[in-house]
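kindly generate the corresponding structure for this input.
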Amino acid sequence: MCGVAGSVGGWLTTFISVPFLDCIIAFFVGIVLGRLLTRVIDYRLGRGFTTTVVFGVLIGMTFSPYGLLPMIIGEVLTAGFTNVQYGIVRALTEVVNELFVPVCFFIGIMRATVWGERF
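Just a heads-up that it's a prediction; the model follows:
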């Protein structure tokens, strides 16, 4: 179930394209999916709860477009260095955005499941 939440969140956050608000929206998507995830996962996992959620979400995110993140970053940086109209500043801004959105989503899920209240 954690893998499904990671994959769904990865697909949802790739369609968010609001400049400078992507991270905040991804964080709240993570919180919503984390709340749904805590209602499904049983507390019988005990100490393995954290490990299950963390690795499940990360594995699920690899089945979304974030699995191709290194190649996307390489293409954006190549376009920034070779295309004068694209520009290196725009390329670096997109790289930072591509790195921070999944991190904010992951922190949102961790806030709702592992770090926060589970009800």
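
could you use CA atoms for every contact and neighbour count after this?
Will do.

hang on, residue 86 packs against residue 77?
No - using CA atoms under 8 Å, residue 86 makes no contact with residue 77, being 10.0 Å away.

tell me who's in contact with the spatially most central residue of the chain.
Nearest to the mean C-alpha position of the chain, counting by CA atoms, centre = their mean, stands residue 102 at 2.5 Å. Counting by CA atoms under 8 Å, 6 or more residues apart in numbering, residue 102 touches 10, 13, 26, 66.

what about it, which helix or strand?
helix 88-110 (DSSP states H and E).

only alpha carbons, please: show that helix as PDB.
Provided in PDB are the C-alpha atoms of helix 88-110 (Å, rounded to 0.1, in the frame of the first residue of the first chain):
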ATOM      1  CA  ILE A  88      21.800  28.300 -17.400                       C
ATOM      2  CA  VAL A  89      19.800  30.200 -14.700                       C
ATOM      3  CA  ARG A  90      16.600  28.800 -16.000                       C
ATOM      4  CA  ALA A  91      18.100  25.300 -16.200                       C
ATOM      5  CA  LEU A  92      19.400  25.500 -12.600                       C
ATOM      6  CA  THR A  93      16.000  26.700 -11.400                       C
ATOM      7  CA  GLU A  94      14.300  23.800 -13.000                       C
ATOM      8  CA  VAL A  95      16.800  21.400 -11.500                       C
ATOM      9  CA  VAL A  96      16.200  22.800  -8.000                       C
ATOM     10  CA  ASN A  97      12.500  22.500  -8.600                       C
ATOM     11  CA  GLU A  98      12.700  18.900  -9.800                       C
ATOM     12  CA  LEU A  99      14.700  18.000  -6.700                       C
ATOM     13  CA  PHE A 100      12.700  19.800  -4.000                       C
ATOM     14  CA  VAL A 101       9.100  18.800  -5.100                       C
ATOM     15  CA  PRO A 102       9.600  15.000  -4.400                       C
ATOM     16  CA  VAL A 103      11.400  15.900  -1.200                       C
ATOM     17  CA  CYS A 104       8.500  18.000   0.000                       C
ATOM     18  CA  PHE A 105       6.100  15.300  -1.000                       C
ATOM     19  CA  PHE A 106       8.100  12.700   1.000                       C
ATOM     20  CA  ILE A 107       8.300  15.000   4.000                       C
ATOM     21  CA  GLY A 108       4.500  15.500   3.800                       C
ATOM     22  CA  ILE A 109       4.000  11.700   3.900                       C
ATOM     23  CA  MET A 110       6.400  11.300   6.800                       C
END
